[in-house]
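[1] Here is the input, now give the coordinates:
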Amino acid sequence: MPKKVNIVILAAGKGTRMRSSLPKVLHSLSHKTLLGHVVDTSRSVDADNICVVYGHGGDQVLDTFSGQDDVAWAEQKEQLGTGHALKVAIPKLEKEGVTLVLYGDVPLTRKETLEKLIADCGENSIALLTAKVADPTGYGRIVRDSSAKVTAIVEHKDANAEQLKIDEINTGILALPAGKIEKWVNAFSNDNAQGEYYLTDVIELAVNEGCSVNTTCVDDFYETLGVNSRQQLAELERYYQLQEAEKLMAAGVTLRDPARLDVRGSVTVGQDSIIDVNVIFEGDCEIGANVNIGANCHFKNAKIGANTTILANSIIEDSSIGEYANIGPYARLRPGTDLADKTKVGNFVEIKNANIDVGSKVNHLSYVGDAKVGKGVNIGAGSITCNYDGVNKHQTVIEDKCFIGSNSALVAPVKIAKGSTVGAGSTITVSTDEETLTVARAKQRAIKGWKRPVKKK
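    Numbers count the residues shown, from 1 in each chain. Here you go, the predicted model:
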């Protein structure tokens, strides 16, 4: 029978060194809050119960996670240490199985690491995550006996000279038998240098009761690093992004500079695609094979078909693009844009909530909004769909094989019929007929004898 799994996330700290009015756990890494990372990882191990212990900035924390009904909340009104934080969570926890303790400011612990701790914890055993570091200053030391069994964790400020030499440290992450937690927590003492109730005291209590302590030493110390300052946040952000870059390169993607890529969500990229510098992927993005992406592009919830080229400085949001398309430079595709295969969107073109069919072109300096554009259409420079009357949006329909001359305004609702041409500089307010030339502009006049005004001396 599978173990019941409680997860307690300690997230009550103020984070003074962040120098921020925002609670520390609400600062973001890769566009997700630190606490959000920990909650999502907790969900990934199929926890039966997730409880967050909150304190400083509690209203902001609760508002940020409102509507997430699978998370329980326990308020730590006074921050009296990690042992006290676990104590306030006890009423929210199952009394059987395993209780895993995590931290709301430690965002990069892997699912596999947590699963190992859960597996190593039993009714009479504790599972503890440790790390070996060159400089253990400030960390609690793992104290072992002559047979290498863990006997206690000693905080740095309470350690003696011999204990300070130990290079194996406590990460704070551990799994405990749920049925014993309440008894152990009630036995904690605050007789220490900090005057706090340390969760680490549970090790000595468990050992004295005959419980074994199983340790897992992490290979990658970044899994256990917390955020206490803006500098540490930036360090973790860059580490996280380099890991994302490594995944893409391992999948067959060329990155011109792995250090200048940001993934703020999830992205899949097909083989032999090339990504230039300073590209940002946000939300959920899907990029096909043999796609070439220029510098400084920003994608949000975008789907790009194979063999498409996205030139520099283009922004693509909540949009899909077919295969063999050519976009940019400086193109902006806003939400609701759907481009078919072999379409072309040129420089300084903005498209919003529009479907553009196979082989159609919007070359430069144009706006197409709330429109349905057929196959083989050419929209000239400076042309716009006038889709908004100040209250409501209206649709423009441009059927197959139409040619829209430069600097034309199509006033919606209006339909440009199949095969027709709109003369440059026209303002179209009435739907056109098929295979016709429509010109709607004032007649050119020459005014003889006209004098240009000059400034008075």
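[2] pLDDT weak spots in the stretch 101-250 of the chain?
    Within the stretch 101-250 of the chain, no range satisfies pLDDT under 70.
[3] All the strands of it, in order from the start?
    125-132, 141-144, 150-154, 168-177, 212-217 (DSSP state E, counting those that start in this stretch).
[4] Just name the most buried of these.
    strand 168-177 (a mean of 24; mean count of other C-beta atoms under 10 Å). The way it works is simple: take the backbone N, C-alpha and C, and place the C-beta from them, glycine included.
[5] Leaving out chain neighbours, which residue sits closest to residue 441?
    residue 425 (4.8 Å; C-beta to C-beta, 6 or more residues apart in numbering).
[6] Run a quick neighbour tally on that neighbour.
    Residues lying near residue 425 (other C-beta atoms under 10 Å) number 17.
[7] quick one, what contacts it?
    405-408, 441 (C-beta atoms under 8 Å, 6 or more residues apart in numbering).
[8] Repeat that for residue 127.
    116-121, 174-175, 213-216.
[9] okay if I get those as a markdown table plus distance to residue 396?
    Compiled in a markdown table, the contacts of residue 127 are given as follows (distance: C-beta to C-beta, whole Å):
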| residue | distance to residue 396 |
| --- | --- |
| 116 | 59 |
| 117 | 59 |
| 118 | 58 |
| 119 | 61 |
| 120 | 64 |
| 121 | 63 |
| 174 | 62 |
| 175 | 61 |
| 213 | 70 |
| 214 | 67 |
| 215 | 67 |
| 216 | 62 |
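[10] Name the nearest of those relative to residue 244.
    The nearest member of the contacts of residue 127 to residue 244, counting by C-beta to C-beta, is residue 116 at 23.3 Å.
[11] now that closest one, nearest residue through space, not along the chain?
    residue 216 (5.4 Å).
[12] residues contacting the one you found?
    Residue 216 neighbours (C-beta under 8 Å, 6+ apart): 113, 116-117, 120, 127-130.
[13] returning to what we had before: filter the contacts of residue 425 down to the buried ones.
    Neighbour counting by 16 or more other C-beta atoms under 10 Å classes 405-408 among the contacts of residue 425 as buried.
[14] mind listing which of those residues are in strands?
    Of the buried ones among the contacts of residue 425, none are assigned to strands by DSSP state E.
[15] Columns distance to residue 309 and pLDDT on top of the residues you listed, output as JSON lines?
    Converted to JSON lines, the buried ones among the contacts of residue 425 look like this (distance: C-beta to C-beta, whole Å; pLDDT from 0 to 100):
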{"residue": "405", "distance to residue 309": "26", "pLDDT": "97"}
{"residue": "406", "distance to residue 309": "24", "pLDDT": "97"}
{"residue": "407", "distance to residue 309": "27", "pLDDT": "97"}
{"residue": "408", "distance to residue 309": "27", "pLDDT": "98"}
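[16] Distance check, the closest residue to residue 173 other than its chain neighbours against residue 95.
    Of all residues beyond its chain neighbours, the one nearest residue 173 is residue 129 (4.2 Å), with distances taken as C-beta to C-beta, 6+ apart. Distance of residue 129 to residue 95, computed by C-beta to C-beta, to the nearest Å: 24 Å.
[17] contacting residues around stretch 77-94?
    Under C-beta under 8 Å, 6+ apart, the answer for stretch 77-94 is 4, 6, 8, 10, 12-14, 48-49, 51, 53, 55-56, 72-76, 99, 101, 172, 178, 181-182, 185-186, 188, 190, 194, 196-202.
[18] Quick one: residues contacting the residue nearest to residue 61 when sequence neighbours are not counted.
    Spatial nearest neighbour of residue 61, chain neighbours left out: residue 54 (4.8 Å); criterion: C-beta to C-beta, 6+ apart. Taking C-beta under 8 Å, 6+ apart, we find residue 54 in contact with 11-12, 61-62, 73-76.
[19] Might one say that residue 24 is in contact with residue 14?
    Yes. In this structure, residue 24 is within contact of residue 14 by C-beta atoms under 8 Å, at 6.9 Å.
[20] shared neighbours of those two, anything?
    In contact with both residue 24 and residue 14: residue 56, using C-beta under 8 Å, 6+ apart.
[21] between the two, which one's more packed in?
    Using other C-beta under 10 Å as the criterion, residue 24 and residue 14 rank with residue 24 on top: 26 against 13.
[22] Excluding covalently adjacent residues, which one is nearest to that one?
    Leaving out its chain neighbours, the residue that sits closest to residue 24 by C-beta to C-beta, 6+ apart is residue 15, at 2.6 Å.
[23] For this structure, just list every one of the helices.
    34-44, 58-64, 82-89, 111-120, 181-186, 201-208, 230-250 (DSSP state H).
[24] Please name the nearest non-neighbouring residue to residue 314.
    Nearest non-adjacent residue to residue 314 (C-beta to C-beta, 6+ apart): residue 328, at 3.8 Å.
[25] tell me the domain boundaries of this structure?
    5-224, 251-438 (automatic domain parsing).
[26] how long is the shortest one end to end?
    Domain 251-438 has an end-to-end distance of 52 Å (C-alpha to C-alpha, to the nearest Å).
[27] Cheers, nothing more for now.
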